[in-house]
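> Kindly return the folded structure for what I paste below:
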Amino acid sequence: MYSILQSEWFKLRKSKMLPIIFTGPLIGIFIGLTTNVIDIGVEVNEWYLSLLSMNLTYAILFLPLITGVLASTICRYEHQSGGWKQLLAMPVTRGRVFFSKYILLMILVMSMQILYLAAVYTVGMVKGFVDPFPINIVWKSIFGGWVATLPLVALQLWMSILFKSFAAPFAVNVIFTIPSILVINSERFGPYYPWAQPFSMMYIGGGTEDVFFVPWEQLLIVVGGSFILFCLGGYLYFQRKAV
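This next block holds a predicted model:
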């Protein structure tokens, strides 16, 4: 597995797409620095208000969209010049190839989340926040957003294996991501829409007593259920894929 991960990392690094993980955090910095925090008339930690404004765009759009770009890239070499036949002719199992690609994608998403954490801290330092940095709440938001991408990355990897075109998996992701802007405002559909979960699990306005600011039932049913569905579907498709 380690050798396969090394190989996947080399191919992904050669694709020159890795710098895209800086896009979301950089946009977060721009939003954080250019957005004026509204005085709501009550004592609130300055970091909370800044994080709320940054999360609004980052978690709804850029986090799911960038994961889609990375997933579209990770199978591009295999779709060219019989790459799947060359890869699977080696002494590796399809299961290990599938999960090595998935693990690498999740490592990259976590790296982007850590960069976003650095972006949040940078905004506070530039603006001169004097309130204590709420590391526990911020880490909960950062790690929760990462957990929420588990099913999305599984589906996007499935689509990346299915389609030879680089644009097709990304287009599928865009089609489902854009409606989340409206869905998150729906009490009926928002809690059950997988593409709305990154925002829900990074939204610190939720109940801080809940895990990742969402109820356990929502985490297990929506995130856990869709992860099992998409991961199992992609795995079974890859096992039966003709090369």
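> Which residues are in contact with the closest residue to Lys241 other than its chain neighbours?
Excluding the flanking residues, the one nearest Lys241 by C-beta to C-beta, 6 or more residues apart in numbering is Ile161, at 6.7 Å. (Glycine included, C-beta is placed from N, CA and C.) Under the criterion of C-beta atoms under 8 Å, 6 or more residues apart in numbering, the contact list for Ile161 reads Cys75, Phe98, Gly234, Tyr237, Phe238, Lys241.
> Can you flag which of those residues belong to strands?
Using DSSP state E, no member of these sits in strands.
> In TSV: those, plus pLDDT and neighbour count.
Putting the contacts of Ile161 into TSV (pLDDT from 0 to 100; neighbours: other C-beta atoms under 10 Å) gives the following:
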residue	pLDDT	neighbour count
Cys75	84	23
Phe98	91	23
Gly234	92	23
Tyr237	92	14
Phe238	89	21
Lys241	80	13
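> Nearest to Ser200, out of these: which one, please.
Nearest to Ser200 out of those is Gly234 (C-beta to C-beta; 23.5 Å).
> I'd like to know how many residues surround Ile137.
16 (other C-beta atoms under 10 Å).
> So it versus Thr35, what's the distance?
Ile137 sits 19 Å away from Thr35, going by C-beta to C-beta, to the nearest Å.
> about what we covered before: can you pick out the most distant pair from the contacts of Ile161?
The most distant members of these, if one measures by C-beta to C-beta, are Cys75 and Tyr237, lying 12.4 Å apart.
> so where do the strands sit in this structure?
So, for the chain - with DSSP E - there are no strands.
> Could you pick out the longest helix of it?
Across the chain, the longest stretch assigned as helix under DSSP state H is helix 94-127.
> from the chain's centre, how far out does it sit?
Relative to its chain's centre, helix 94-127 lies at 8 Å (C-alpha atoms, centre = their mean, to the nearest Å).
> what residue lies at the spatial centre of the chain?
Against the mean C-alpha coordinate of the chain, by C-alpha atoms, centre = their mean, the closest residue is Thr149 at 4.2 Å.
> Going by distance to Met17, which of the contacts of Ile161 wins?
Taking the contacts of Ile161 together and measuring to Met17 by C-beta to C-beta, the closest member is Cys75, at 12.2 Å.
> Now do the contacts for the residue nearest to the closest one when sequence neighbours are not counted.
Once flanking residues are discounted, Cys75 sits nearest to Ser160: 4.3 Å by C-beta to C-beta, 6+ apart. Contacts for Ser160 (C-beta under 8 Å, 6+ apart) come out as Ala71, Ser72, Ile74, Cys75, Pro169.
> now do 10 Å
Contacts for Ser160 (C-beta atoms under 10 Å, 6 or more residues apart in numbering) come out as 68, 70-76, 78-79, 101, 105, 166, 168-170, 172-173, 234.
> again with Gln6
With C-beta under 10 Å, 6+ apart, Gln6 has these contacts: Ser100, Leu104.
> Low-confidence bits of the protein, can you list those?
37-43, 81, 205-212, 243 (pLDDT under 70).
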